[in-house]
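> Generate coordinates for the sequence data below:
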Amino acid sequence: MDRQDRHSADFIDAASRPLSEWTLEGMASRDETFRARHDSEALQLWRGELRHRIRHLAESVSCRTSELLARNVVWSREAFEARGIPCTDLEASLTVLGEVIDEHMPASVAERCAEPLAAAMARLREAAPCRSDRAATEPTEPLAGEDDDAAAARLYLLHLLDRSEEEATRVLLDLQEAGRGTAEIYERVISPALAEIGRMWHLGEATVADEHFATGTTRLIMAELRRHAPRAAPCGHSVLCTAVGGDLHDLGIRMVADVFEFAGWESQCLGADMPSEAVVEALQHRVTGRFDLLAIAANTTLGLRPAADLIEAVRASGPGKGVRIIVGGLPFRIAPDLAGLVGADGCANRASEAVALAERLLRPS
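Presented below is the predicted three-dimensional model:
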């Protein structure tokens, strides 16, 4: 990452609270109905929404990728529409935020904010006038298919929403017992079902309890699948898998670690929210020599700077020298070239792709 871009992003983060307050005041002064339409609780939610938007703006500035903020704005629009909140408020918030930044931030920082804010506004305005009815009824694409995997994912999802751990478990164990590869079950059944629950939560169709039950139950079922999964012969390679600091999602990186293990790798998984120094220490204290590979997950668009910091710390450490590093997660699906920006050797969208990429990286030239 460019040092000046990174410095500007950190500056924006540090000022996120006053920026959000000034933006909220500006929205209220522009629209005399704003405060009448929002009680104290709603105003507090707006403060959180604005601080979240500012964090995404900072991330876009840090890597000069406007798409991160634009995607976040569209994501918010879908949630607004599903809850009957006027999208004009969202558009106004971007306009006022830009004016606040121009007034209160250094010119060099304001200049870096202009492009992502303009791109986000353009994306907001080019969207269909209202998509709440469609968004509230259409499942994510993987679940809309007619193949056996989509049918199994839908059934698994229904059992999770019914709080039926036993039935949900049986769906996946039946697939495994029928000879379906565990990696394919992870990628083609479990992942789409959990993505759909995330979509439903986002649109207010599922509760936090639904999401937590689904995640916790899936974690238990994955442990059962892992116990019965066949392994390839040891290949002599080793991988350390982790999510970046601040990332509380662990199922994706657990899947990656498992799929490496199924492919014959020695695989260790540190899980979610790992500080950089703890990852470096884990690399250092491997008993049987160095790790060949570090696999890093950044599951939200706010994970780019933590990923860059982690990779920089690893590269600067003794045990990190010579370790190949791959990344995966939402920001790298949005813009694959960000992998190089954060210092990684490559990125993969799925666990099976991560194994194939790692094998290419470690193949003798």
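
> CA atoms for contacts and neighbours, from now on please.
Will do.

> buried residues in the helix ranked longest in the chain?
Longest helix of the chain, by residue count under DSSP state H: helix 40-63. Buried residues in helix 40-63, defined by neighbour count with 16 or more other CA atoms under 10 Å: 46-47, 49-63.

> Just checking: what are the partner strands of the longest strand seen in the chain?
Ranked by residue count and defined by DSSP state E, the top strand of the chain is strand 266-274. Using DSSP bridges, strand 266-274 pairs in its sheet with strand 238-244 (parallel).

> How much space separates residue 313 from residue 306?
Using CA to CA, to the nearest Å, residue 313 is found at 10 Å from residue 306.

> Looking at the two, which has the bigger crowd around it?
Neighbours per residue, other CA atoms under 10 Å: of residue 313 and residue 306, the larger number sits with residue 306, 20 against 16.

> which secondary structure element contains that one?
Assigned by DSSP states H and E, residue 306 falls within helix 304-316.

> which residues are in contact with that helix?
Applying CA atoms under 8 Å, 6 or more residues apart in numbering, the contact partners of helix 304-316 are 1, 59, 62, 244-246, 275-277, 279-280, 296, 298, 320-321, 325, 331, 341-344.

> what pairs with the helix or strand just after that helix, and is each one parallel or antiparallel?
Next in sequence after helix 304-316, counting helices and strands by DSSP H and E, comes strand 324-328. Strand pairing for strand 324-328, determined by DSSP bridges: strand 293-297 (parallel), strand 346-347 (parallel).

> Please work out the angle formed by the directions of strand 324-328 and helix 304-316.
Put simply, strand 324-328 runs at 170 degrees to helix 304-316, going by axes from the mean of the first three to the mean of the last three CA atoms, to 10 degrees.

> How far off centre is strand 324-328?
15 Å (CA atoms, centre = their mean, to the nearest Å).

> Report the mean confidence score over it.
What strand 324-328 shows for mean pLDDT is 97.

> Flag every buried residue along that strand.
Residues of strand 324-328 classed as buried: 324-328 (neighbour count, 16+ other CA under 10 Å).

> contacts for that strand?
292-299, 311, 339, 344-350, 354, 358, 361-362.

> same check, this time on stretch 255-272
The contact list for stretch 255-272, computed with CA under 8 Å, 6+ apart, reads 183, 186, 226, 229-250, 253-254, 350-352, 354-355.

> could I get that stretch in CSV with only the CA atoms?
Output in CSV follows, covering the C-alpha atoms of stretch 255-272 (Å, rounded to 0.1, in the frame of the first residue of the first chain):
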residue,chain,number,x,y,z
MET,A,255,-12.9,-24.9,5.8
VAL,A,256,-9.7,-23.8,4.1
ALA,A,257,-7.6,-25.6,6.8
ASP,A,258,-9.7,-28.7,6.5
VAL,A,259,-9.5,-28.9,2.7
PHE,A,260,-5.7,-28.6,2.9
GLU,A,261,-5.7,-31.4,5.4
PHE,A,262,-7.9,-33.6,3.2
ALA,A,263,-5.3,-32.9,0.4
GLY,A,264,-2.5,-34.4,2.4
TRP,A,265,-1.1,-31.2,4.0
GLU,A,266,-0.1,-30.7,7.6
SER,A,267,-2.7,-28.0,8.5
GLN,A,268,-3.1,-25.8,11.5
CYS,A,269,-5.9,-23.3,12.0
LEU,A,270,-5.7,-20.4,14.4
GLY,A,271,-9.2,-19.3,13.8
ALA,A,272,-10.7,-15.8,13.9
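
> now the helices: where do they sit in the stretch 101-250 of the chain?
Counting by DSSP state H, counting those that start in this stretch, one finds helices in the stretch 101-250 of the chain at the ranges 107-126, 132-137, 148-161, 165-177, 182-185, 191-202, 208-228.

> among those, where is the model least confident on average?
Looking across those, the weakest by mean pLDDT turns out to be helix 132-137, at a mean of 40.

> Tell me the spatial nearest neighbour of residue 237, not counting adjacent residues.
Once flanking residues are discounted, residue 237 sits nearest to residue 265: 5.3 Å by CA to CA, 6 or more residues apart in numbering.
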